[in-house]
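Chemist: Sequence first, then the predicted structure, then my questions.
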Amino acid sequence: MRILVQLLLGLFVFALIVAAMLYTQQRRMIFPAPLDYPRAALPGFRLVHTETEDGLRLSAFYRPAAPGKKTILFFHGNGDNMRGAIEATRGPAAAGHGLMLVEYRGYGGNPGSPGEAGFYRDGAAAMRWLDAAGVAPRDIVVVGNSIGSGPATEIALRHEVAALMLVSGFSDLPSVVQRQVPFVPRWLVRDRFDNGAKLGRVKAPVFLMHGDADTLVTPDNLDRLVQARRDATVARLAGVGHELAYTAPAQALLTKWVGGLR
């Protein structure tokens, strides 16, 4: 009996250590900012800087819209940067739409550490910059890819923007983590990004796009988002995985939908 008690106590202590490590180190895994990133503006863009509420000066790429066109405020995925954001928005750029490519804190040489609350501040800073540049919320289409669906949804909830599009978006981050690592309890995930709870309160039109072969943010996330927003436009692309945002069909759908907004 004594050996059993010692064994159980040892397992309990081990579980506490593992839980503590997961809690303190999880952001390193959830936000793997690429070490290779653009140091200067890439062709067709201007390097601009936004100022967050908590005093950070963040870089972003901007190109103005052609007359009568919308401006896309784009939030990239957790393993990407502005170089990838350009690839994911080539379609609407070619159609003359403006682009504001947000770079998060802790990414692309920016100061600060990534996290949910910080990402929301980064998005708010981008909106303020666009307002100062004369771009009204009604002319802004907010697009979020993967983890970018979190700040995109939050910004669309706070502002009366033209529209919101989520590409490979999730209903909430704990569901994604638990699907990939089943032994991790939901309460241990520090950043929630609870898009499903917010989507029904977004006043703007919503477009949800997902690949049915996505093994990272699985298609059941799309199902839950549709449940939260019954009037959303939905595109489920057959045979496409989590790389959806960078594919020609996805960009064609995005460009066509944005072009049809009034």
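Modeler: Sure thing, it's come through.

Chemist: three-state assignment of the residue most central in space within the chain?
Modeler: Centroid check for the chain by Cα atoms, centre = their mean gives Gly148 as the closest residue, at 0.4 Å. For Gly148, the assignment made with DSSP: H, G, I helix; E, B strand; the rest coil gives helix.

Chemist: per-residue confidence for it?
Modeler: Per-residue pLDDT puts Gly148 at 98.

Chemist: my guess is it meets Asn81, correct?
Modeler: No. With contacts counted by Cβ atoms under 8 Å, Gly148 stays clear of Asn81, the gap being 11.7 Å. Every C-beta, even on glycine, is put in place using the N, C-alpha and C of the backbone.

Chemist: List the residues that contact Ala41.
Modeler: Listed by Cβ atoms under 8 Å, 6 or more residues apart in numbering, the contact set of Ala41 reads Leu47, Phe61.

Chemist: doesn't it fall inside a strand?
Modeler: No. Under three-state DSSP, Ala41 sits outside any strand and is assigned coil.

Chemist: Ramachandran angles for it?
Modeler: The phi/psi pair for Ala41 (degrees, to the nearest 10) reads phi -60, psi 140.

Chemist: Check the gap between it and Ala238 for me.
Modeler: From Ala41 over to Ala238 the distance is 37 Å, taken as Cβ to Cβ, to the nearest Å.

Chemist: Now the residue nearest to the centre of the chain: closest residue in space, sequence neighbours ignored.
Modeler: Phe75 (3.1 Å; Cβ to Cβ, 6 or more residues apart in numbering).

Chemist: Next, count neighbours for that neighbour.
Modeler: Phe75 has 31 neighbours, counted by other Cβ atoms under 10 Å.

Chemist: ditto for Arg121
Modeler: Neighbour tally, Arg121, other Cβ under 10 Å: 22.

Chemist: So it sits against Glu51, correct?
Modeler: No. Between Arg121 and Glu51 there is no contact under Cβ under 8 Å: 10.1 Å.

Chemist: Going along the chain, name the strands of the chain.
Modeler: 46-51, 57-63, 71-75, 98-102, 140-145, 163-167, 206-211, 233-237 (DSSP state E).

Chemist: circling back: tell me how far the residue nearest to the centre of the chain lies from Gly77.
Modeler: 6 Å.
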